[in-house]
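# Quick one, structure for this:
(2 chains, ligands or ions: 1)
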Amino acid sequence: MNQGSLVSIDDISKEQILDLLDRAAYFEAHPNSKLLDGKVVATLFFEPSTRTRLSFETAVNRLGGRVIGFSDAATSSTSKGETLKDTIKMVSNYADLIVMRHHLEGAARYATEVTDVPIVNAGDGANQHPSQTMLDLYSIVKTQGRLENLTITMVGDLKYGRTVHSLLMAMRYFNPRFRFVSSPELEMPREYIEICRDLGIEYTEHRDFSPEVINSSDIIYMTRVQRERFSDPMEYEKVKNLYSLRRDMLGNTRPGMRILHPLPRVNEIDRDVDDCPQAYYFEQARNGVFARQAIITRALNIDPTR
Amino acid sequence: MSQQKTELAVAALRNGTVIDHIPCEAVYKAVRILRLEDAGTAVTIGNNLPSDRMGRKGIIKVADRFFDESDLDRIAIIAPTAVVNIIEDYKVVEKRQVQLPQTIKGIVHCSNPKCITNNEPMETCFEVVSTNPTRLRCRYCNRTIGGVEAEIAQ
Ligand SMILES: [Zn+2]
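This is a model prediction of the structure:
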């Protein structure tokens, strides 16, 4: 496996996370740095995700690299029954770096085992999506000025929402305080609760998205509650409004509190929140390009400040 | 006394390997782990035999076969209590408990249908994340499964 690969945020150390955040800050200040001159980056989207693909391709373009690839499996040789291994081997002949998204869990990990070219995981099913976590972390450090000692409230689908699991794992290095707000069906899996317990991380679980919770948070991380997670449609109708944010709930928040959301949202954040100073989800998405420039240059072992 | 009964219930072995103290529900999985379906030698399987230690137990005797330690240790995934006896000329020349390896390649099937290992011609790989009870985590999709209920791949 190439050491520059990034499959899961759990694979990298606190120092590597901090290095990526420094890089992201550099690219925000210098968005167009031609560090990838002559390099070819393959974006292999076996599963379509326009948002993530455009963000990665923008990152490559701003770094002066070239992009090859496909945006869904129907246009690739996978549709002719080619194995993942063979596709990765073939593309490895052409590209200096492979960014891949796949509907199967573990696809990116397996890809690192069949090639020496660095692999960046742009999402493997419900499993990992480390560039999302890096942009979340960058958004947190940018809005709070620090990562240490923050109170982070996670709301909505904490069971299936991989972004909250990865964020929890990354934040474990920074002495966080967590608030988990969800219905019983979608609560934080016990394995993550145990991780908090083992590491001595303070956490509380809530059924109510109450003013006390909102007003004591530095970050509120909202997630989408998906209808298909509920066997009983009535249950979904009941729950979806319990875990949504409206403007009138934001009257007494901490001064620097910011609302994050991995997007796309449905109705968990009311449109009238968009103009509030606490709303940060659109800027958050913009930070994705800097975070991905950071991940790409790390993968290729390029020091942007050299 | 029950020890004696067990010995009577299962044919004596001159040379070979005896795997004893297998939980009843794990006996046939142990057979698969050791790939005894296509063993060319005599295999005797006893199950639901009385045991002082376990109440009921299973036992597998394989004549004229001596396995690699690492192959036998894979039985610990589903039967951590199992004891291996090496028999030479009707005597136990070696006795040891199976030891759970840290990494298990092949053998165990991942229970997640969306796991890459179930969709690509490749070997599975699990890390042992806890013992007693044994829990394994898929290296690829990160799903954890209990050792006792682990499905053994063909
Ligand atoms: Zn798996």
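# Nearest to chain B: which residue in the stretch 1-150 of chain A?
Distances between the stretch 1-150 of chain A and chain B by CB to the nearest CB are smallest at residue A:106, namely 2.5 Å. C-betas here are computed from N, CA, C, even on glycine.
# how near is the residue nearest to that residue when sequence neighbours are not counted to the ion?
Spatial nearest neighbour of residue A:106, excluding adjacent residues (CB to CB, 6 or more residues apart in numbering or on different chains): residue B:140 at 2.5 Å. Distance of residue B:140 to the ion, given as CB to the ion, to the nearest Å: 5 Å.
# Isn't residue B:140 up against residue B:117?
Yes. At 5.6 Å, residue B:140 counts as touching residue B:117 under the criterion of CB atoms under 8 Å.
# For residue B:109, name its beta-bridge partners.
residue B:151 (DSSP bridges).
# ok, it to the ion distance?
In this view, residue B:109 and the ion are 9 Å apart by CB to the ion.
# check contacts around that residue.
By CB atoms under 8 Å, 6 or more residues apart in numbering or on different chains, the contact set of residue B:109 is B:118, B:124, B:150, B:151, B:152, B:153.
# Backbone dihedrals for residue B:74, both of them.
The phi/psi pair for residue B:74 (degrees, to the nearest 10) reads phi -60, psi -20.
# Look at the closest residue to it other than its chain neighbours and report its pLDDT.
Of all residues not flanking residue B:74 in the chain, residue B:33 sits nearest, at 5.1 Å (CB to CB, 6+ apart). You'll see residue B:33 listed with a pLDDT of 93.
# hmm, back to that, include distance to residue A:163, neighbour count and pLDDT when you put the contacts of residue B:109 into TSV, please.
Below are the contacts of residue B:109 laid out as TSV (distance: CB to CB, whole Å; neighbours: other CB atoms under 10 Å in any protein chain shown; pLDDT from 0 to 100):
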residue	distance to residue A:163	neighbour count	pLDDT
B:118	25	19	96
B:124	27	21	97
B:150	30	23	90
B:151	30	13	90
B:152	35	18	89
B:153	32	15	80
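# I'd like to know how far residue A:82 sits from the ion.
For residue A:82, the distance to the ion equals 21 Å [CB to the ion].
# Residue A:150 too?
33 Å.
# circling back: tell me, how many residues neighbour the residue nearest to residue A:106?
28 (other CB atoms under 10 Å in any protein chain shown).
# In terms of pLDDT, where does it sit?
For residue B:140, pLDDT reads 98.
# show me what contacts it?
A:105, A:106, A:107, A:109, A:110, B:110, B:115, B:116, B:117, B:124, B:125.
# From those, pick the one nearest residue B:62.
The shortest approach to residue B:62 among the contacts of residue B:140 belongs to residue B:124, at 25.1 Å (CB to CB).
# residue contacts, the closest one?
The contact partners of residue B:124, by CB under 8 Å, 6+ apart, come to B:105, B:106, B:107, B:108, B:109, B:110, B:117, B:138, B:139, B:140, B:153.
# Same check on residue A:259?
A:219, A:220, A:222, A:245, A:269, A:273, A:276, A:278, A:279, A:280, A:281.
# Quick check: phi and psi at the closest residue to chain A within chain B.
Chain A sits closest to residue B:140 of chain B, with a gap of 2.5 Å, by CB to the nearest CB. Backbone torsions for residue B:140, taken as degrees, to the nearest 10, come to phi -90, psi -60.
# burial count for the residue nearest to residue A:169 when sequence neighbours are not counted?
Distances taken as CB to CB, 6+ apart place residue A:10 nearest to residue A:169, at 5.2 Å, with adjacent residues excluded. Other residues lying near residue A:10 total 14 when counted by other CB under 10 Å.
# doesn't residue A:10 fall inside a helix?
Yes. Using DSSP: H, G, I helix; E, B strand; the rest coil, the assignment for residue A:10 is a helix.
# Helices along the stretch 151-300 of chain A, start to end?
With helices called from DSSP state H, counting those that start in this stretch, the stretch 151-300 of chain A shows them at A:162-171, A:190-199, A:211-215, A:233-242, A:281-299.
# Lowest average confidence across those, which one?
The minimum mean pLDDT among the helices of the stretch 151-300 of chain A belongs to helix A:233-242 (a mean of 84).
# Can you show me the helices along chain B?
B:2-9, B:27-33, B:69-73 (DSSP state H).
# To clarify, my last question referred to the stretch 1-150 of chain A.
A:14-29, A:50-62, A:84-92, A:107-114, A:130-144.
# Just the mean pLDDT for the longest one, thanks.
Along helix A:14-29, the predicted local confidence has a mean pLDDT of 98.
# got it, and the shortest one?
The predicted model assigns helix A:107-114 a mean pLDDT of 98.
# What residues does the spatially closest residue to residue A:159 that is not a sequence neighbour make contact with?
Distances taken as CB to CB, 6+ apart put residue A:186 closest to residue A:159, at 4.5 Å, once the chain neighbours are dropped. Applying CB under 8 Å, 6+ apart to residue A:186 gives the contacts A:156, A:157, A:158, A:159, A:160, A:225, A:229, A:239.
# And the furthest pair within those?
Once CB to CB is applied, the contacts of residue A:186 give A:160 and A:239 as the farthest pair, at 13.4 Å.
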